[in-house]
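In: Let's see this in three dimensions:
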Amino acid sequence: MVGGVKASNRPDFNTIRDAQLATLEKRMRELSADFPDIKWCGHGDLSPDKNGNGIIEPFEHIKACPCFDVIPWARERGLPVADIKGNWKTVVLEPDSAPVLEGPDTRTAYLQRLLMRGGYVLGPFDGVLGRKTAAAIRAFQLASGLAETGKLDAATVARLRAVFELKTAA
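Out: You can find the predicted model right below:
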């Protein structure tokens, strides 16, 4: 699918017409019937996992097209999707653009790495502040004498960074 970029060269889902999406979905259904093992994904989902954490994160995408995340879009329509690790959330790129989907929060993934470095077990570094990450944060907060909120508030982030960030010699 070609398109999805404004004159400013910024991704914008609004540039894709409803008729294009309907045609895309129809063709995907036809191909799914012809090839029962097919699994759908977008170009960005096939980017290399540069940091080796098992998740294709937005900063690792080598292609932005088709300007929307195919996996959640296809899943919502009952189409078979590729099992590519990632969690998508709605974000707005610019005030006049339609919401698009973006991968995991890289800041949260970084802070998860710091928690793990400190011995707090939380599962994968997936950039999602889920149940396991919140429990690890509460444990860290308890050990650090901070309010046990399970959230990455300013005091918790500052303490995490002070304790577990690797310092390099100047």
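
In: Would you quantify the distance from A82 to G52?
Out: 19 Å (C-beta to C-beta, to the nearest Å). Where C-beta positions appear, they are placed from N, C-alpha and C, glycine not excepted.

In: same thing with L160?
Out: In terms of C-beta to C-beta, L160 sits 21 Å off from G52.

In: more neighbours, those two?
Out: A direct count of neighbours by other C-beta atoms under 10 Å for L160 and G52 places L160 higher, at 25 against 7.

In: How about the more buried one: what's its closest non-neighbour residue?
Out: What sits nearest to L160 in space, not counting adjacent residues and going by C-beta to C-beta, 6 or more residues apart in numbering, is L114, at 4.7 Å.

In: Tell me the predicted confidence for the one you found.
Out: The predicted structure scores L114 at 85 on the pLDDT scale.

In: next one: N53
Out: Value for N53, per-residue pLDDT: 70.

In: how many other residues sit next to it?
Out: N53, neighbours per other C-beta under 10 Å, totals 18.

In: So which bits of the lengthiest helix in the chain are buried?
Out: Counting residues, the longest helix found in the chain (DSSP state H) is helix 18-34. Within helix 18-34, the residues that qualify as buried are 24, 28, 32, counting by 16 or more other C-beta atoms under 10 Å.

In: following the helix or strand of the chain with the lowest mean pLDDT, which helix or strand shows up next?
Out: Least confident helix or strand of the chain, by mean pLDDT, DSSP states H and E, is strand 100-102 with a mean of 47. Downstream of strand 100-102, the first helix or strand assigned by DSSP states H and E is helix 106-117.
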